[in-house]
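Enquirer: Here is a sequence with its predicted model. Questions after.
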Amino acid sequence: MNSDIFPEPPSDTIDWSSLGSQSVEFPTSHVECTYSPTRSFWSAPTVINNPNLQINGFAVGLNYGGPYYESLTARRTRDDRILLFRPHDHARHLADAATAVGMTAVPEHIFLECVRKAVAVNTSYVPPPQTDAVLYIRPLLFGPSVPRIRDSPAQYIFCVFVQPGAVYPRTAAQNAIVLSDSGADDVPTAAETQKCSRTETWDEGWKRGLGGTGQLDGRQAERDDYTMKLHLENTRHGSFIKGFTASAFIGVQEEHGRYTLMVPRHPSRSIISDSCVAIARQLGWKVKVGPISVDDIDTLSEVIATSTWHWLLPIRLIFCPSARQTVVYHAGSHKAGSACRVLRNAIGKIMGGEVSDIWQWCVLVTQED
């Protein structure tokens, strides 16, 4: 980082127009702070001038731990400010995330200090405001030491990594497959598949995603162009939508230009979907937060996958193997539906500092960070 310039201009070594189309490693810096359970003490955040970790192969983090918290993003505004987009209830998310990985929660003020510092020392990787790219921020709570028999790891390390990345709309609408229902491993051939779309008939175009031969399993699904995998929660009352593998689920029902947003009541909801709920309510849309039966997916006008990385990613079709049905949205268009466009535009303007941030979701990153 050039300490004389803040923020640094976008890097001139990156082709921002083709970002995300190829696998590139960026020499970003990251931030670490260390926690010792024996001292109950967090060290001051430290900047490491590379994106690498040095770890032991028996480390708790490799064998038992995992990612900490959902990812965040930062964007550059048209007046060259750097805004960190973070959830409005991140204290609860921090506690839940620590419980999930079995470690001590990072205090809220340390979490924000580390994230802001990681953004501040990587401002050259914050994309220009006219692009559809963001600085992707990945927090990680990690046990770097060998586990003890009767005690917790000797220390934890909280790390914040960053990387520039492109978000939708550069990515076209995706095909999804239900893998976690009772018949997910018994996928029929294309000839057996029946369509369940409200607007179009099944044709050869959709069959390309099925391969046309034999049966599919979860691993083959991705090879056969099902890039999104929808998981269900099976109960004695039926099968209900949990979310996609790495994204939360949002359903939209439209009637005479009026929208109803449907969000499963499940821990996989993302901070982006929470933001969509708040925006929808401000726009006067109906919002239903609760169980969504898999049988209801053909009543939806749009399905959207939400995550920090995907942002708002439209789903083109959903194939349900056990029901032998494929629900096609917007006649199979690769473009987003109207509700998705409205929500994405609203969130984008908040993230870009173009409108008043009434929910205080954005944090200004300054040279002092």
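Expert: Received the coordinates, thanks.
Enquirer: Pull out the buried positions in stretch 42-61.
Expert: The neighbour-count check on stretch 42-61 (16 or more other C-beta atoms under 10 Å) flags Trp42, Pro45, Ile48, Pro51, Leu53, Ala59, Val60, Gly61 as buried. (Glycine included, C-beta is placed from N, CA and C.)
Enquirer: end to end, how far does it reach?
Expert: Terminal residues of stretch 42-61 lie 18 Å apart, using C-alpha to C-alpha, to the nearest Å.
Enquirer: low-scoring pLDDT stretches of the stretch 1-150 of the chain, where are they?
Expert: 1-3, 20-22, 63-67, 69, 87-92, 100-101, 148-150 (pLDDT under 70).
Enquirer: ok so, going back, which of the buried residues of stretch 42-61 lies closest to Ala278?
Expert: Closest to Ala278 out of these is Pro45 (30.0 Å), distances taken as C-beta to C-beta.
Enquirer: correct me, but that closest one touches Val31?
Expert: Yes. Using C-beta atoms under 8 Å, Pro45 is in contact with Val31, at 5.1 Å.
Enquirer: Tabulate the buried residues of stretch 42-61 (CSV), appending distance to Asp79.
Expert: Output for those, formatted as CSV (distance: C-beta to C-beta, whole Å):
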residue, distance to Asp79
Trp42, 35
Pro45, 28
Ile48, 31
Pro51, 29
Leu53, 36
Ala59, 43
Val60, 44
Gly61, 40
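Enquirer: Need the residues touching each of Pro45 and Val31.
Expert: Cys114, Lys117 (C-beta atoms under 8 Å, 6 or more residues apart in numbering).
Enquirer: which parts of stretch 109-122 are buried?
Expert: By 16+ other C-beta under 10 Å, the buried positions in stretch 109-122 come out as 110-122.
Enquirer: So which of the buried residues of stretch 42-61 are in strands?
Expert: Trp42, Ile48 (DSSP state E).
Enquirer: Closest one to Leu343 out of the buried residues of stretch 42-61, please.
Expert: Of those, the one sitting nearest to Leu343 (C-beta to C-beta) turns out to be Pro51, at 31.6 Å.
Enquirer: What are the neighbouring residues in contact with the closest one?
Expert: Glu25, Phe26, Pro27, Thr28, Ser29, His30, Phe161, Gln163.
Enquirer: Also Gly165?
Expert: So Gly165 contacts Leu19, Gly20, Ala133, Val134, Leu135, Tyr136, Trp309 (C-beta under 8 Å, 6+ apart).
Enquirer: related to what we said a few turns ago, show the buried residues in the contacts of Pro51.
Expert: Thr28, Ser29, His30, Phe161, Gln163.
Enquirer: Out of the residues you listed, which is nearest to Leu179?
Expert: Gln163 (28.0 Å).
Enquirer: Now do that closest one, the pLDDT please.
Expert: pLDDT, Gln163: 92.
Enquirer: Find the nearest non-adjacent residue to it, please.
Expert: Sequence neighbours aside, Tyr136 is the residue nearest to Gln163 in space, at 5.1 Å (criterion: C-beta to C-beta, 6 or more residues apart in numbering).
Enquirer: Against Met262, how distant is the residue lying closest to Ala339 once chain neighbours are set aside?
Expert: Distances taken as C-beta to C-beta, 6+ apart put Val252 closest to Ala339, at 4.4 Å, once the chain neighbours are dropped. With distances taken as C-beta to C-beta, to the nearest Å, Val252 is found 7 Å from Met262.
Enquirer: Name the residue in these two with the higher neighbour count.
Expert: Ranked by neighbour count (other C-beta atoms under 10 Å), Val252 and Met262 place Val252 first, with 24 against 21.
Enquirer: beta partners for that one?
Expert: Counting by DSSP bridges, Val252 forms beta bridges with Leu261, Glu302.
Enquirer: quick one, what contacts it?
Expert: Applying C-beta under 8 Å, 6+ apart, we find Val252 in contact with Tyr259, Thr260, Leu261, Met262, Leu300, Ser301, Glu302, Val303, Ile304, Gly337, Ala339, Cys340.
Enquirer: Including pLDDT and distance to Met228, could those residues go into CSV?
Expert: Below are the contacts of Val252 laid out as CSV (pLDDT from 0 to 100; distance: C-beta to C-beta, whole Å):
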residue, pLDDT, distance to Met228
Tyr259, 97, 22
Thr260, 97, 22
Leu261, 96, 19
Met262, 95, 17
Leu300, 95, 15
Ser301, 95, 18
Glu302, 96, 14
Val303, 96, 9
Ile304, 95, 11
Gly337, 92, 16
Ala339, 95, 18
Cys340, 94, 14
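Enquirer: Ser273: how many residues sit nearby?
Expert: Look at Ser273: counted by other C-beta under 10 Å, it has 24 neighbours.
Enquirer: List the contacts of it.
Expert: Ala248, Phe249, Ile250, Val263, Thr306.
Enquirer: Go again with 6 Å.
Expert: Ala248, Ile250, Val263, Thr306 (C-beta atoms under 6 Å, 6 or more residues apart in numbering).
Enquirer: okay, the contacts of Val252 in TSV with distance to Ile279 next?
Expert: Formatted as TSV, these follow (distance: C-beta to C-beta, whole Å):
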residue	distance to Ile279
Tyr259	11
Thr260	14
Leu261	9
Met262	15
Leu300	19
Ser301	18
Glu302	15
Val303	18
Ile304	13
Gly337	16
Ala339	11
Cys340	12
